[in-house]
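**Q** What would the 3D arrangement of this be:
(3 chains)
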Amino acid sequence: MRPQLPTLDLVPLYPLLVVTGWAVLVLLADLFVQHKRALGYLALTGVIVAAVVTVALWPGVPTSFQNMAISDGQALFFNLVFLVTGALGLLVAIEYLERKDLQRGEYYALLMFSLAGMIAMAAAEDLLIVFLGLEMMSVALYVLSGSNQRDMSSIEAAMKYFILGSFASAFFLYGIALTYAAAGSTNLAQIGSWLSGRGIPKDPVALTGLSLLLVGFGFKVALVPFHWWTPDVYQGAPTSVTAFMSVGAKAAGFATLTRVLYSAFSPTFTTDWVTVAAVLAAVTMTFGNLAALVQRDVKRLLGYSSIAHAGYVLVGIAAASPVGVRGMLFYILAYAFMTAGAFAVACAVERREQSTTTLADYAGLAQRSPLLAAAMLLFMLSLIGIPPLIGFWSKLFVFRAAVEANLAWLAVLGVLNSALSAYYYAGVVVQMYLREPGRSPAEEVAFRPWRSALAVAVFLAAAATVVLGLWPGAVVNLLMGV
Amino acid sequence: MLIEFIPVLVLFALATAIAVIALVLPAFLGPRRPSRAKIETYESGKLPYGDARYKVPIGYYKIALLFVIFDLEVIFFYPWAVVLRQLHVFGLIEMGIFTALLVVGYVYEWKKGGFEME
Amino acid sequence: MNFPFLTLITFIPLLGAVVVALIPGRREREIKLVAVLFSVPSLVLSLIAWLLYAQNAGEIKFLEEATWIPTLNAYYRVGVDGISLPLVFLTTLLTTLSLFYSSYTIKKRVKEFFALFLLLETGMIGVFVALDLVLFYIFWEVGLVPMFLLIGIWGQPQDRPQYSAIKFFLYTLVGSVAMLLAFIAIYMTTGTWNILQIPGLKPLAGNPGLAIAAFWAIFLAFAIKVPSWPFHTWLPDAHTAAPTAGSVVLAGVLLKLGGYGMIRILLPFFPDLFKQFAPWIGVLALISMIYGALVSMAQWDLKRLIAYSSVSHMGFFMLGLVAAAASLEVANPVLTSRAIALNGAVLQMFNHGIITGGLFFLVGVIYERTHTRDLKAFGGLSAKMPVYYGVMLTTALASLGLPGLAGFISEFMVFRGAFALIPTYAIIGVVAIVLGAAYILWKIVQHVFLGEFSEERWQEIFNPAHWHFSLDMARFEVITMAPLLFFMVLVGIYPAPVLNVINAATTALLAML
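**A** Next comes the predicted model:
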């Protein structure tokens, strides 16, 4: 007797397969290539190929891979966000690692592997695939955070990230286990239909599972009060890693969080998680901004700012509506360009022997390196939410969704927070434009577009911040199909 | 509303109770005759020696990690071997991919000098 | 009207900013020339637009519409009427003069200065022409950053420019985010961002609590910008710290953004609420007028004095607006008083822009020569600098409301309207005029130009090495002031060209409420 073999539909997995395969390729190439810089470009090619595949699959594959993974519009959109982040991260790293004398082949392979993990998370239709992707992404990021072995703070960052991350994974697994206990499945759609089909409206076991899953996600996307690792890790890790993970890991976390909440825990538990998400969003943005006010180190400042932005993103999720999801998706794309761009500038300003940059290092940047300063100015303004930059629209979309969802108080709080955040973002601008330079121009990476990879990354991010700010319709149209 | 959580509460209470009982009850019921051998570190029957915080050369860890990987491979091989005939070419290709990935790791480890013990 | 007047007026300066940014930074002469040249087309076009605007028509002209973000229902929609047109002209005039003046006085980081200034012009004009709330908000914010940098970078070091710049930035931002929320709430009930349609749709009519919140949120944004007491504290710092051209544009145009917003958005959107709260807003206006004048009188820093006088003078504007709003439902005969009050308010904005803009230029004149603004350091300059004395005296008298000069007309109209509609307020408000005369005659004219000239003191403050032009007003300074003086006299003697345009629009506005 032959067992009935399933017919495998690999189409939804194409982006994942391309990135994973390419990661292996980079890993092998590392053994034979002397100039590690070339590996960066090899990886970049892979990212571009994966992006092409993703775009070719648009607007989504109707079939799913064994009810395990799917490439629908949302997953593909997230893929694009990850790949853009990956490309920016690679461009930044090629230059930065050279300067810091950290050029190693593993870096690029690990980055590709974590990218694969993110893509798996966004595509997951099953809690086990979520966990698989989560670990794949996280483990690679733990190692990347510690990739500067000469720097104690980098090692400390890796250690902290690893321990707290594993802790979060444990919570997450326990959540999966309890959810499975309640619903008898790890498939998100099946959980959803089981929970809503039950006579008892709210299964306490499932509710406990949901809370544990939320704790796990809270760690991964750095929501207050699960954010304590973030500033240390973002500050300690090599800046090129921070640029990549501050966006990628967060986006991946939100990608899955949305799916878990919307398909597994709706509509039965909607009121519960909306309340929790709204409260977490409020606390997260407020705390993130308050803590950022007093920072003197730019990486740390951006770390707290990224916590605050996780709060804004969560506002879109708490709206629990298609408008909210679209707002959230737009926000994450905007966040990718703004934050990766800002960290890329931090890479350029950072000196060879430093591992971080204080605000004073930015003094007079406008005179030392006008284009770099102009790009940073754009990122800061966009992070505040000044129109017509992309950050304004992202905030407008999520706050509008909140108002529509009768969460006006959340929108008010979010707007107040934006005003609060203006203070510390403006502080960076003050340093760059209003202070006199404290050191010689020669120490900066010569900022010549098209001649340095780092400059290309900064330029691309800045261009996206402006162009998509003037024409947000381009992205919105794309999202209408999601 | 809150009544739904009673089972969870009961579960917590039971778990706590069992843990407490298991710890406290023997202290009252069991006879205590400590001897030198009894309070020594338990090392699965071997006589203990040296300091517990003994530094193992890193080479052992590398071997241990490799061992885990190949151990897992073997575990996957067993069930596969049992149904190999039924799985036919499909099974062969699948296991081929799996093995190829492991070989990549192996080659990587080798070329990076993972097998050098100083 | 197919010719895209407003788009060109708004975006030619932006193009200029880009061109300036592309010129290598060391070619300062070329940068200055290009910047001034790029500001001229907007000035010419806005003048042509004014002349073309049929004077007796109250409706929006030069309308341009294009879909922008369909899913958000946001349009690129611009147009002007008699309220915004004078302000657009004011903006282009003051910007061109400022750029011209700055091309002689700005010495450091020239390229950034001119690029930012042109960007600022685009933002300011955009606010006056935008007829879509999203577009309005965007232009509102676009001007914020260049002004922040202008104050911070080119401010005088002794005036804490960084502190002032951040204060200005945060104050404005707090107001504008509150306004943004109110806009979103309005959009939720009306489904449109169209500034012209929303009044007819009675925004938030079904939800009085939210309507009141939205009203005050929008009021806050505009009151900070106007500025009205107690939101004025950013103004003296920012005005004092900013470079001369920055102060001119701040006082001349940026304050009008708030006033314009009150007339264009707050009043038509919430006429009933405005009427309901008019007594309170009137009190704020009175405090601004009298408090501003009193504090002005106490200053010994010439620039700070003029800055506080702006608080006082913009209070006149608010009083006129309150008078027009306080009596919305009164029967027809009073309509004329309402129209007079509102006309006075709008004209007061225009006049204040011309006069206070001029005053800040004139402070620049003395500051560039002596590097001090301390009133105690001057005295008897009328003999040393007769032309300067004449120009300053004319401008200062226009500011205090001497009949025959511009300030008188608008203040008279405001009080004429207010006496008929809200007499108590008007009677109290008159005190501010008296105080205004006091600080201008006593502080400016007396301390700077009259009294004893001391050669010794003059040698102390005047360093010829700093100044390469003639001691009395140099030619470029006279050229800068000439158009402003022309308008002060023109409006003072024959205000019809300006008033007819304004009147048509305000009458249409009042008829609609």
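**Q** Can you name the residues of chain B that neighbour chain A?
**A** B:4-5, B:7-8, B:83, B:86-88, B:90, B:101, B:104, B:107-108, B:111-112 (CB under 8 Å from any CB of the partner chain). (Each C-beta comes from the backbone N, C-alpha and C, glycine too.)
**Q** Just give me the least confident of those residues.
**A** Within the set of the residues of chain B next to chain A, pLDDT is lowest for B:Glu4 (75).
**Q** and it, that's in a helix?
**A** Yes. Assessed by DSSP: H, G, I helix; E, B strand; the rest coil, B:Glu4 belongs to a helix.
**Q** who are the neighbours in contact with the residue in chain B positioned nearest to chain A?
**A** Of all residues in chain B, the one sitting closest to chain A is B:Lys111 (4.4 Å; CB to the nearest CB). Contacts for B:Lys111 (CB atoms under 8 Å, 6 or more residues apart in numbering or on different chains) come out as A:Leu31.
**Q** just to revisit the earlier point, from the residues of chain B next to chain A, which would you call buried?
**A** Neighbour-count burial (16 or more other CB atoms under 10 Å in any protein chain shown) applied to the residues of chain B next to chain A gives B:Leu87, B:Tyr108.
**Q** other SSEs contacting the lowest-mean-pLDDT helix or strand in chain B?
**A** None of the helices or strands of chain B scores lower by mean pLDDT, DSSP states H and E than helix B:36-39, at a mean of 78. Counting contacts by 3 or more CB pairs under 8 Å, 6 or more residues apart in numbering or on different chains; DSSP states H and E, helix B:36-39 packs against no other helix or strand.
**Q** Tell me which stretches of chain B form strands.
**A** Assigned strands in chain B: none (criterion: DSSP state E).
**Q** Where does the prediction get shaky in chain B?
**A** B:1-2, B:118 (pLDDT under 70).
**Q** repeat for the stretch 1-150 of chain A
**A** In the stretch 1-150 of chain A (pLDDT under 70), the answer is A:1-6.
**Q** those strands in it, which residues are they?
**A** Residue ranges of the strands in the stretch 1-150 of chain A, as given by DSSP state E, counting those that start in this stretch, are A:64-65, A:69-70.
**Q** what's the answer for the stretch 151-300 of chain C, then?
**A** Using DSSP E, counting those that start in this stretch, no strands are assigned anywhere in the stretch 151-300 of chain C.
**Q** Quick check: residues of it near chain A?
**A** C:152-153, C:161-162, C:165-166, C:169-170, C:173-174, C:177-178, C:180-181, C:184-185, C:187-188.
**Q** 7 Å instead?
**A** C:152-153, C:162, C:166, C:169-170, C:173-174, C:177, C:180-181, C:184-185, C:188 (CB under 7 Å from any CB of the partner chain).
**Q** Kindly list the longest helix within chain B.
**A** The single longest helix within chain B, with elements called by DSSP state H, is helix B:84-111.
**Q** quick one on the thing from earlier: looking at the strands of the stretch 1-150 of chain A, spot the one closest to C:Val129.
**A** Closest to C:Val129 of the strands of the stretch 1-150 of chain A is strand A:69-70 (CB to CB; 48.1 Å).
**Q** which residues sit against the closest one?
**A** A:Pro12, A:Leu13, A:Ser64, A:Ala123, A:Ala124, A:Glu125, A:Ile129 (CB atoms under 7 Å, 6 or more residues apart in numbering or on different chains).
**Q** where's it relative to the chain centroid, distance-wise?
**A** Centre-to-centre, strand A:69-70 and its host chain are 20 Å apart (CA atoms, centre = their mean, to the nearest Å).
**Q** just checking, what packs against whatever helix or strand C:Val501 lives in?
**A** Using DSSP states H and E, the element containing C:Val501 is helix C:496-512. In terms of contacts (3 or more CB pairs under 7 Å, 6 or more residues apart in numbering or on different chains; DSSP states H and E), helix C:496-512 is packed against helix C:84-105, helix C:335-370.
**Q** could those helices be laid out in JSON lines, adding mean neighbour count?
**A** JSON lines is the format used below for the helices and strands packed on helix C:496-512 (neighbours: other CB atoms under 10 Å in any protein chain shown):
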{"stretch": "helix C:84-105", "mean neighbour count": "24"}
{"stretch": "helix C:335-370", "mean neighbour count": "25"}
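**Q** what number of residues lie near C:Ala406?
**A** 30 (other CB atoms under 10 Å in any protein chain shown).
**Q** So which residue is dead centre in chain B?
**A** Centroid-nearest residue in chain B, with CA atoms, centre = their mean: B:Val68, separated by 9.8 Å.
**Q** Now do the contacts for residue 81.
**A** If you meant another chain, say so; for now it's chain A. A:Ala251, A:Ile332, A:Leu333, A:Ala336.
**Q** give me that answer again for 10 Å
**A** Residues near A:Val81 by CB atoms under 10 Å, 6 or more residues apart in numbering or on different chains: A:118, A:122, A:247-248, A:251-252, A:254-255, A:329, A:332-337.
**Q** So which of those residues wins on neighbours?
**A** A:Met118 (34 neighbours).
**Q** how about the nearest residue to that one once chain neighbours are set aside, phi and psi?
**A** Closest residue in space to A:Met118, ignoring its immediate chain neighbours: A:Ala252 at 3.9 Å, by CB to CB, 6 or more residues apart in numbering or on different chains. In terms of degrees, to the nearest 10, the main-chain angles of A:Ala252 are phi -60, psi -40.
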